[in-house]
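1. Fold the following for me, if possible:
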Amino acid sequence: MRRKISYGLAVLALAGCSASASTNQTAQLKSPPAVAEPVRAPVVMILGDSYTAGIPGVPAEATYAGDVARKLGWQVIIAGHGGTGFVARGSIGMSFGQLYNEQLSWRPAPDMVLVVGGHNDATLRNPLLGLGDAATKLMTDIKARWPGVPLALVGPMWGGDPTPKALLVRDALAQVAAVQAIPFIDPLREMWITGDRNRGTGNAGLYIRKDKIHPNPAGNAYLADRLIMALKPLGLDKPGQKKAALPAAVRTPVASAADLLERGLHVGHVDDPGDEGRDQEQAAAADDVEDARGARGPEQAGEPQDEQPHLLGLLARRGESRLGPPDRVDERGGLQQEGEDGDAPKDQAESGVDGPEHEITFRVVSLVSL
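-> Numbering: from 1, shown residues only. Got it, this is the predicted structure:
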């Protein structure tokens with residue numbers, strides 16, 4: 001009798017184990033498979049001039065900035081306006097700092113901020129006046145508004161070999177970036193665009209419009225590729241996913257007075273010369289375009305010889321003098337580059353851009369005057 005009871009208990013125990021195992025297997029089969037969370041596209045803000053914000057016939061999403069966003073899968077917010085800069089105000093009457101406050105500063109924190117410019121500052125009669133202070137304040141404001149968000153400064157873009165003033169602006173911005181400990185990307189030093197479109201030298205004929213300033217569709221795609229190549233070593237091509245590389249602790253030295261004088265830049269006079277005076281200066285500036293890549297010929301024509309500008313003092317000046325008037329600003333909000341022909345751009349109607357590689361939402365906040 002005891003054996004039968006023992007056998008009965010053993011059978012029940014085995015049955016219970018079998019039922020429990022079957023229940024666990026069924027539960028495992030019914031459990032839904034784990035689903036990986038989708039990767040959020042990084043939000044990147046880009047503040048700039050007409051290279052970034054576009055010109056009539058070329059909206060912001062068709063510029064290099066839009067192309068970079070498509071190729072890297074960013075959600076991009078493009079801000080700025082043609083003709084503007086750190087000091088230059090263009091037809092809209094606003095500098096980068098003012099445009100940042102109006103278009104970007106009130107937004108939630110992005111994954112990265114790029115400030116791209118300096119071209120229009122290089123067309124001012126006195127390009128260094130207030131430039132360092134304005135750029136420093138903008139970088140400081142951005143870092144204070146969104147602590148820890150990667151920030152990079154991209155120097156001026158140019159439609160060919162840069163002018164001496166463009167090089168001075170580049171050097172000043174590079175120094176601001178070094179002091180602020182942020183990466184500086186230098187299109188002029190890296191010679192993204194070279195030569196002269198009209199003379200058929202360099203690559204300008206391939207990528208620059210007839211206005212000798214703005215990129216054509218192929219140029220925007222090319223500039224996007226060059227910017228991506230510059231961002232990758234810094235770890236900034238995928239913001240929010242990996243820590244950005246810190247810039248090298250190398251600072252661009254302030255140019256000496258002798259060096260600046262050798263370049264022929266007269267920056268000591270800040271009075272408004274009036275329309276006639278500006279016309280004379282523009283005519284003199286038209287003789288300063290260099291034939292050779294990277295050349296830095298002197299700007300002697302039209303400059304008074306009896307005034308020696310206090311150049312080093314001007315570099316260190318902190319907004320004590322008012323700004324000189326802009327030499328060349330397109331009334332439609334585009335850039336005006338010092339060059340041979342002083343005519344305003346006539347070929348800004350060309351447009352077109354390749355189809356998007358990714359479906360990206362563009363938030364364009366630039367105000368391009370038509």
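2. All the strands of the protein, in order from the start?
-> Here the chain has its strands, by DSSP state E, at 43-48, 75-80, 112-116, 151-154, 184-185, 362-364.
3. partner strands of the shortest one, parallel or antiparallel?
-> In its sheet, strand 184-185 lies beside strand 151-154 (parallel), with partners assigned from DSSP bridges.
4. CA-only coordinates of the partner strand in CSV, if you can.
-> Extracted C-alpha coordinates of strand 151-154, given in CSV (Å, rounded to 0.1, in the frame of the first residue of the first chain):
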residue,chain,number,x,y,z
LEU,A,151,30.2,74.6,-30.6
ALA,A,152,32.4,75.2,-33.6
LEU,A,153,33.4,78.3,-35.5
VAL,A,154,33.9,78.2,-39.3
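5. pretty sure residue 78 contacts residue 44?
-> No - counting by Cβ atoms under 8 Å, residue 78 does not reach residue 44; the two are 9.4 Å apart. Any C-beta I mention is one placed from the backbone N, CA and C, and that applies to glycine too.
6. Can you give me the neighbour number for residue 41?
-> For residue 41, the neighbour count with other Cβ atoms under 10 Å is 18.
7. Check residue 149 too.
-> 18.
8. Could you tell me how many residues sit around the closest residue to it other than its chain neighbours?
-> Once flanking residues are discounted, residue 149 sits nearest to residue 109: 5.6 Å by Cβ to Cβ, 6 or more residues apart in numbering. Around residue 109 there are 12 other residues, counting by other Cβ under 10 Å.
9. likewise residue 133?
-> 15.
10. Next one: it from residue 240, what distance?
-> When distance is defined by Cβ to Cβ, to the nearest Å, residue 133 is 31 Å away from residue 240.
11. cool, and residue 37?
-> Applying Cβ to Cβ, the value for residue 37 to residue 240 is 14 Å.
12. now swap in residue 200 and tell me
-> Using Cβ to Cβ, residue 200 is found at 43 Å from residue 240.
13. which one of these two has more residues nearby?
-> Ranked by neighbour count (other Cβ under 10 Å), residue 200 and residue 240 place residue 240 first, with 17 against 9.
14. Return the residues in contact with that one.
-> Neighbouring residues of residue 240 by Cβ atoms under 8 Å, 6 or more residues apart in numbering: 40, 42, 111-112.
15. count of residues packed around the closest residue to residue 187 other than its chain neighbours?
-> Beyond its immediate neighbours in the sequence, the residue positioned closest to residue 187 (Cβ to Cβ, 6+ apart) is residue 157, lying 5.0 Å away. Neighbour count of residue 157, defined by other Cβ under 10 Å: 29.
16. Check residue 181 too.
-> For residue 181, the neighbour count with other Cβ under 10 Å is 12.
17. Residue 219 now?
-> Counted with other Cβ under 10 Å, residues neighbouring residue 219 total 23.
18. any idea how far residue 82 is from the closest residue to it other than its chain neighbours?
-> Nearest non-adjacent residue to residue 219, counting by Cβ to Cβ, 6+ apart: residue 207, 3.2 Å away. As judged by Cβ to Cβ, residue 207 and residue 82 stand 18 Å apart.
19. which one of the two has more residues nearby?
-> Of the pair residue 207 and residue 82, residue 82 is the one with more neighbours under other Cβ under 10 Å, namely 30 against 23.
20. hey, where'd the helices end up in the stretch 101-250 of the chain?
-> 131-145, 164-180, 204-207, 217-231 (DSSP state H, counting those that start in this stretch).
21. These: which one's closest to residue 116?
-> Closest to residue 116 of the helices of the stretch 101-250 of the chain, according to Cβ to Cβ: helix 217-231, at 8.5 Å.
22. Of all the residues in the closest one, which ones are buried?
-> Residues of helix 217-231 classed as buried: 217, 219-224, 226-228, 230-231 (neighbour count, 16 or more other Cβ atoms under 10 Å).
23. for stretch 177-192, same thing?
-> 177-178, 180, 182-189, 191-192.
24. Give me the mean pLDDT for that stretch.
-> Stretch 177-192 shows a mean pLDDT of 98.
25. now swap in stretch 144-156 and tell me
-> Here the average pLDDT along stretch 144-156 is 98.
26. now the end-to-end length of that stretch.
-> Chord length of stretch 144-156, first to last residue, is 24 Å (Cα to Cα, to the nearest Å).
27. And for stretch 145-165?
-> Stretch 145-165 has an end-to-end distance of 32 Å (Cα to Cα).
28. before we move on, back to that, farthest pair within the buried residues of stretch 177-192?
-> By the measure Cβ to Cβ, 180 and 191 form the most distant pair in these, at 24.8 Å.
29. Residue 72: what's its closest spatial neighbour, skipping adjacent residues?
-> Here the residue nearest residue 72, using Cβ to Cβ, 6+ apart, is residue 237, at 5.7 Å.
30. Quickly note the distance from that neighbour to residue 224.
-> Distance, residue 237 to residue 224, by Cβ to Cβ: 12 Å.
31. Residue 63 now?
-> In terms of Cβ to Cβ, residue 63 sits 9 Å off from residue 224.
32. same question, residue 91
-> Distance from residue 91 to residue 224, by Cβ to Cβ: 26 Å.
33. what does residue 55 give?
-> Counting by Cβ to Cβ, the separation of residue 55 from residue 224 is 16 Å.
34. Likewise for residue 161?
-> 22 Å.
35. Check residue 240 too.
-> As judged by Cβ to Cβ, residue 240 and residue 224 stand 20 Å apart.
36. Repeat that for residue 196.
-> Residue 196 is 23 Å from residue 224, by Cβ to Cβ.
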